[in-house]
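Asks: no sequence on this one, just coordinates:
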């Protein structure tokens, strides 16, 4: 599942978190459970800004210590951006399943 990014120009972090929470609630109601989370970070950034650290901290608090073992932090380059945008263009732009 590809979620909207935080630090969006047009949507608040609270709105994005609500979108993700609503989707998770619906999937949980359908007996779908997450088995892991992949958190991507741009490899071209030479440091982790305060907003990135705050987002990781929030993710850790939401997941808890036991589930944090199923979170992977990976680097992402801009070369993958056109493919991601094509996938998002195929839907409504939020929470698109990828395979």
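Replies: Nice, I can see it. Everything quoted here is computed from the prediction, not taken from an experiment.
Asks: going forward, measure contacts between C-alpha atoms and count neighbours the same way
Replies: OK.
Asks: any idea of the mean pLDDT in the longest helix along the chain?
Replies: Counting by DSSP state H, the longest helix found in the chain is helix 50-68. Taken as a whole, helix 50-68 carries a mean pLDDT of 82.
Asks: whatever helix or strand comes next after it pairs with which strands, and in what direction?
Replies: The C-terminal neighbour of helix 50-68 among helices and strands, as given by DSSP states H and E, is strand 71-76. Looking at strand 71-76 with DSSP bridges, its partner strands are strand 37-42 (parallel).
Asks: quick one: neighbours of residue 60, just the number.
Replies: Residues contacting residue 60 under the criterion other CA atoms under 10 Å number 15.
Asks: so it sits against residue 70, correct?
Replies: No: using CA atoms under 8 Å as the test, residue 60 is too far from residue 70 to be in contact (11.0 Å).
Asks: let's check: the centremost residue of the protein is which one?
Replies: Nearest residue to the geometric centre of the chain (CA atoms, centre = their mean): residue 3, 4.5 Å.
Asks: any idea how far residue 72 lies from residue 7?
Replies: Per CA to CA, to the nearest Å, residue 72 is found 20 Å from residue 7.
Asks: for residue 34, same thing?
Replies: Noted for residue 34: a distance of 24 Å to residue 7, by CA to CA.
Asks: pick out whichever of these two has more residues nearby.
Replies: When residue 34 and residue 7 are compared for neighbours, residue 7 comes out ahead with 13 against 10, by other CA under 10 Å.
Asks: what sits against that one?
Replies: Contacts of residue 7 were listed using CA atoms under 8 Å, 6 or more residues apart in numbering, and they are 13, 51.
Asks: what's the distance between it and residue 49?
Replies: 11 Å.
Asks: and if you look at residue 55?
Replies: Applying CA to CA to residue 55 and residue 49 gives a distance of 10 Å.
Asks: and those two? Which one has more around it.
Replies: residue 55 (14 against 9).
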